[in-house]
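In: fold the following.
(chains A and B)
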Amino acid sequence: MSEQKRDRFDPSIEAKWREFWAKEGIFNAGRRPNAPHRYILEMFPYPSGDLHIGHLKNYVIGDVLTRFYVSRGYDVMHPFGWDAFGLPAENAAIKRGINPADWTNANIQESKNSLNIAGIMYDWSTELATCKPDYYKWTQWLFQLLYTRGLAYRAKSLVNWDPVDQTVLANEQVDSEGRSWRSGAKVEKRELEQWYFKITAYAERLLQDLDKLTDWPEQVKTMQRNWIGKSEGAEVTFTCDAGDLVVFTTRPDTLWGATFMVLAPEHPYVAQLTAANKKAEVDAYIAKAKLTKEIDRTSTAREKSGVFLGSYATNPVNGAQIPIWIADYVLMGYGTGAIMAVPAHDERDFAFARQFGLDIVVVVQPDGQQLNGQTMTEAWPGEGSMVNSDPLNGIPAGKGDGQSVKAAIKWLESHGKGKGTITYRLRDWLISRQRYWGAPIPMLHLEDGSIVPDPRLPIELPQVEDYLPKGKSPLAAATNWVNTVDPVSGKPAKRDTDTMDTFVDSSWYFLRFADAQNADEIFAKEKINRWMPVHQYIGGIEHAILHLLYSRFITKVLYDEGLVPNDEPFDALFTQGMVQRRVRTAVVHSSAGIEFPEELRRKIELPAGVVGVDAARTALKQHGYTLEGDAIQGFEAVSGPVTMSKSAGNGIPVGPFVRQYGSDVARIVVLFAAPPENSMEWTDEGVAGAQRFLNRIMALFMTERDAVAAHVPGSVTTATIADHERDLWRALHIAIRKISQDTDAFRFNTAIAAMMELLNEVQRYRSEHAVGAAYYEVAHTFTRLLSPFAPHLAEELYAAFGGNGSVYDAGWPAWDEAALLVSEIEVVVQVNSKVRGRIMVPAAADAAQIEEWARNSPRIRELIGDATIRKVIIVPGKLVNFVV
RNA sequence: GCCGGAGUGGCGGAAUGGCAGACGCGAUGGUCUCAAAAACCAUUGAGGGCAACUUCAUGUGGGUUCGACUCCCACCUCCGGCACCA
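Out: Sure thing, here's the model as predicted:
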C-alpha cells in the first residue's frame, strides 16, 4: 500500500483514553453529589473468562446510556459484579483439580480485562462477587430473615432432579419440555426434603404490581403473568368413604352436571378408595403413570386413560352418587389434585366420559339449541342459560356479576359446601442445591430434629477433597465442618450441607451495589434510599421469569421489612436481542434432490425426505437461512444465523478484534445494524461499514483540526450565521435534536444514522464552500454527539480541537428551535390525494395564500381543468389536497 | 387451545394519519491508478414510456378517512411464552 497520508481511525488511540477515564473517575458514582442521579445496570454475568463480541452487546447498551447521562450532567451509578457461584467452577475443579475459588478469580480477571479493553466503563469501586464471604454473608443473612418471617421452610415433596448436574431444581429452571435450564437433561421426579422460599405468599402482589411496570416490555410481563397463572374459582367439598374430598374448579356453576370425579394417581385417598376387586388394576395404572410422567407427560393430544376405583362420592348439591376414577390428566401439583368432571361442558372431561361410557348431563343450554348428553359430539364450554341446576336455573352462564359462577359460589358458601378461592400455578421456590460451589445454607440441625439458624455468619465454605456430586452435597464429606455446636443452646449440631440456588445470590445483588463495602449491615438505609430503584435495567429475555421474578419477590420481602424504599426493584427494563453470526452447513445435492443435515432439518422443520429446490429455498428463507450456490452446479452449503457462543464456535473474541479494529468499531457495528431489542447479525460488511463511518469523521474534520481548534465554540449563533452556511447550520440542529431524542429512547441505530446524515451534509458543504464558522461549530458539536457511541474517537477529536479535560464534562449540546426554521418550505400539492406537484412557499404564508398558489400552479390548473373543487384540505407546512 | 410480539426493496432497517423505503450494506457505472485496494461521484422497489410523466407496491381481504405501513374488523404466516392447569 502506498503511504498516502490520510486521516483514518486508528485503534491504537484507544488505550490512553481508557486510562484517562479510569484515572479521572469520570464514570464513578458520587462524582456529582448535587446533581440528579441515575442508576443504570446490566444483568451481571457469570465470569466465563474471555468474552466474545456476542457478550458485549448488553454492556455496550449500558455504557452508551451511562455516557449519555454523564454528558447530560447526571450523577450516574453504573456498577459491575460477578454472579460467581455455579457449576462451571465446580466442573473445572473436578476435571482439572483446581480450586473453584482460584479458577473463578482467574476468570473474573480475564472477563474484567475483556470489558476494559472494550471500553465499557464501570465504577469498579463497588465491584462484587457473589462467591466472596463478604457478599454471601448477606445472602445467608437474607435466608435467615426469610426463615424468621416464615418465608423459608423445609418440606418433603416431589421435586425436579437433574440427573446430569446431580441436584434438584426449581420449577422455573425446568422448561416446558421438562429439561434443565443449565444441563439440558430431562429432569426426573424425586421425593425429597428440601428448603423452599414461600414466593407463593407474594403471588398476588407479583401479579398485580406488573401493572405498575409501565417501562417493562409487554412480552416479559405476559410471561410472568402466564407463569404465575392465576385462576379464580371455588373449592367444593364432596364426601366419600375416605372423608371430605375437596376439588378446585373455575366453573362451580356446572357442579349440577358433575357426573364423576377424577383423582390424580398420587392422590392420598386413592389407596382407601380402591375397591378390593380393583386393586390390581389400580396399582398397575399408578405404576404406569409414574413412568409416563418421567418419560413424557407433555403431549396434549394423548388419548385419555384412567381406572375406576370402584367407589363413589356424593355430589354436595344434589346428593348424587358419582363414580371416582383416577387418571393421569389430573395433576397432583395443581389445585387439590382432584377434580369434579363435568363432561357436558369441559373438553377433557367429555373425551374421558365418551371413552369410558360415563353419563353426560347438560346444565348450560346455549340459546336456540337443545343439547342432549346422549347425542352431543363435543363439550359446550360457552354461554347459555343454566338448566338442571335447581337454584340456578334460568341464570345466564358466565363469570360476570349476576351470572352463574358468582351465584353458584354464593350458594355454596351459604350452604357450607364450598367457598370462592383463587389458585396459582406458581409454586414455592426450591432453593436447596446438592452442590459445592454456592452459599452454604446457614442452618443447624440439632439431635432432637429441630432446626435453628446459625448466628455465626458468614458460614464459610469448607475445603473439600472431592467435588464430585454423588446425589448429596460434597459438603457432607467435610465432617469437621459439618459437626459443630449450636452457639445459642450449646448443644451439638450438624450443619446443613446443601448450598443455595445461585438465583438467590442474584436476587438481591443490585441492592448491594448501593453500599457494597458495608461490613456491618446488608446496606445502609440512606445509601439504598438514594440509589434504589434501578432506573434502567438491561439484560436478556432469557431471564424474563427466573431472575426477574425472584428479584421482584426478594425486593418485596425487604420492602415489607422497611429495608428498601420501593417494592419493585427495576423501574425500566430493556431486553436486548442476541448477536448472531452466519454459520455455513454443508448439504448434499444429488440428482434426487437436496439432503439437509438432520439437525438443521429438525430445527427449522424442513419437510422430511427430498425437497424441491424452490420449496427448500422458501422454507429456508423464512427462517433466515440461505441456500448458497446455484441449481446447475449443485449446492455446497446452507448458511444461517446462529447466536454467537462458545459452543457454536462462532464467537469473535473481544481482544484480537479490538486490537485490530478498535472497540469503537465494534460498538458501531453492534449499535447501528438493527434496533437494540432485535437480534442482529454480525457480518464483515457491517465491520467495514462501521470503519468507513469512523474514517469519514476523521477525513471530514481532522484535516482542519487547527482551524477548528482556533474557533471558539458558540461564537456564532442562528442570528449571525452566514447565508451560505444556513443549510449546514440547520442540519446540525436537526441532528442534535434527533440524536438526543433517539438516544433517550434506545433508538441507537437511527441516532447513528442521523450522524451519518450530518456527515453527508458536511461533505456536500465542503465540496461547495471553503470551511467557515458553521463547519467549525459542527466539528466541535460532533465530538459531543459522538461521545456515547464511539467514545475513544470522541475524546480524541475533542482534545485535537482544543478541548480541556473530558468531552463528558463539556455538556450535551442543545438544539436551537430557531435554527430549525427555514424561510421557504416545500408544500406537496395533491389532487384527489395523489401527489401532482410541489410548490415553494414562504414559511410564514397563511393557508389561504398557499391554497391560492397551489391552485394557480400550471400543472395543477391543467389537472383540475374545469372540474368543481369539492373540498380543499390544507395541512400547514406540509400539503394541499384538492378533492374534485 | 389461550396470551403476547411481529410481517415494508436483494439484505439490516426508516417513516405511528400527510411525498413509503431515511441511514447503511450489497450491486452497477464512472473518476483517480500501470494495475489493484482505498477514497470520491452517480444510479439502484417493480412495470410502462424517447421524454415530460405514469401505473403498481408496506402478509391477505374488507372498513373508516380527502388521505392508511400507521386506526378498526376478519384472516394467513412467523417468533416467544403457557398448556390434559380443572
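In: for residue A:163, phi and psi?
Out: Backbone torsions for residue A:163, taken as degrees, to the nearest 10, come to phi -70, psi -20.
In: likewise for residue A:652?
Out: phi -100, psi 110.
In: so what's it up against?
Out: Taking CB atoms under 8 Å, 6 or more residues apart in numbering, we find residue A:652 in contact with A:52-54, A:581, A:644, A:682. Glycine gets a C-beta too; all of them are placed from N, C-alpha and C.
In: in terms of helices and strands, where is residue A:262?
Out: Per DSSP states H and E, residue A:262 falls inside strand A:260-263.
In: what's the mean pLDDT across that strand?
Out: Confidence for strand A:260-263, expressed as mean pLDDT, is 94.
In: any part of it near RNA strand B?
Out: No. Strand A:260-263 is not in contact with RNA strand B by CB under 7 Å from any atom of the strand; minimum separation 7.5 Å.
In: and the following helix or strand past that strand, what does it pack onto?
Out: Scanning forward in sequence from strand A:260-263 by DSSP H and E, the next helix or strand is helix A:270-273. Using 3 or more CB pairs under 8 Å, 6 or more residues apart in numbering; DSSP states H and E as the contact test, the elements touching helix A:270-273 are strand A:307-314.
In: check which helices and strands the strand it packs on sits against.
Out: Applying 3+ CB pairs under 8 Å, 6+ apart, we find strand A:307-314 packed against strand A:231-240, helix A:270-273, helix A:279-296, strand A:321-326.
In: now stretch A:446-458: buried residues?
Out: By neighbour count on 16 or more other CB atoms under 10 Å, the buried set for stretch A:446-458 is A:452-454, A:457-458.
In: by pLDDT, give me the weakest of these.
Out: Among these, residue A:457 has the lowest pLDDT, at 90.
In: show me the shaky parts of the stretch 51-200 of chain A.
Out: Within the stretch 51-200 of chain A, no range satisfies pLDDT under 70.
In: just the closest residue of it to RNA strand B, please.
Out: Going by CB to the nearest atom of the strand, RNA strand B is nearest to residue A:176 of the stretch 51-200 of chain A, at 3.7 Å.
In: how about the most centrally placed residue in chain A, phi and psi?
Out: With distances taken as CA atoms, centre = their mean, the residue of chain A nearest its centroid is residue A:541 (2.4 Å). Backbone geometry at residue A:541, expressed as degrees, to the nearest 10, gives phi -70, psi -20.
In: quick revisit: how many other residues sit next to the residue of the stretch 51-200 of chain A closest to RNA strand B?
Out: When neighbours are defined as other CB atoms under 10 Å, residue A:176 has 6 of them.
In: is it true that it lies in a helix?
Out: No. Applying DSSP: H, G, I helix; E, B strand; the rest coil, one finds residue A:176 to be coil, outside a helix.
In: how many neighbours does residue A:724 have?
Out: So residue A:724, with other CB under 10 Å, has 12 neighbours.
In: assign it to helix, strand or coil.
Out: Put simply, residue A:724 is helix when judged by three-state DSSP.
In: cool, residue A:849 as well?
Out: Quick answer, by three-state DSSP: residue A:849 is helix.
In: would you mind measuring from it to residue A:843?
Out: 12 Å (CB to CB, to the nearest Å).
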